[in-house]
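Asks: Below is the structure, and that's it, no one-letter string:
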């Protein structure tokens, strides 16, 4: 049972590590894209474009891009949460099945011992009737 708990913890830890790794990869890719964009234009032009868009349409586009970026980020977070939730539910279901099996075994254990005792008693009685009693009767007759 402890092995199952360790397996669960290990699975959860692996999921968290994979999630962390994916987030780090996305961050690295974002940094690379930013560096590439910076390298395409002079630094002062880049700073001017990033800090203060000059036209209304550029500002709207920038706001739209920011909102789209936030939306995509939220969607990714929801998908990650769904994935983790799904895996946790599977682990919980597996644990419940295991717990039910152990509970059933423990409930049946007393009955199994009684059945084993009864079987042994019947076997002993049968042995006495088929082997010992005839032998004793033969000895008494002789």
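Replies: Cool, got the structure. This one's a predicted model, so the numbers in the text were calculated from it and none came from an experiment. Numbers count the residues shown, from 1 in each chain.
Asks: Would you check how far apart residue 99 and residue 3 are?
Replies: Per CB to CB, to the nearest Å, residue 99 is found 14 Å from residue 3. Any C-beta I mention is one placed from the backbone N, CA and C, and that applies to glycine too.
Asks: and those two? which has more neighbours close in?
Replies: In this view residue 99 and residue 3 are compared by other CB atoms under 10 Å, and residue 99 has more residues nearby, 12 against 7.
Asks: where do the helices sit along this structure?
Replies: 2-40, 43-51, 56-127, 133-141 (DSSP state H).
Asks: Could you tell me the least trusted of the ones you listed?
Replies: Lowest mean pLDDT within these: helix 43-51, a mean of 73.
Asks: Could you check how far the nearest residue to residue 88 once chain neighbours are set aside is from residue 84?
Replies: Distances taken as CB to CB, 6 or more residues apart in numbering put residue 12 closest to residue 88, at 7.4 Å, once the chain neighbours are dropped. Applying CB to CB, the value for residue 12 to residue 84 is 8 Å.
Asks: do residue 24 as well
Replies: 17 Å.
Asks: more crowded one of the two?
Replies: residue 84 (14 against 10).
Asks: isn't that one right next to residue 15, touching?
Replies: Yes. Between residue 84 and residue 15 there is a contact under CB atoms under 8 Å: 6.0 Å.
Asks: re earlier: quick check, the residue nearest to residue 88 in contact with residue 92.
Replies: No. With contact defined as CB under 8 Å, residue 12 and residue 92 do not form a contacting pair (11.5 Å).
Asks: the more surrounded of the two?
Replies: With neighbours defined as other CB under 10 Å, residue 12 and residue 92 compare such that residue 12 has more, 14 against 11.
Asks: residues in contact with the more buried one?
Replies: Residue 12 makes contacts with 87, 88, 91, as judged by CB atoms under 8 Å, 6 or more residues apart in numbering.
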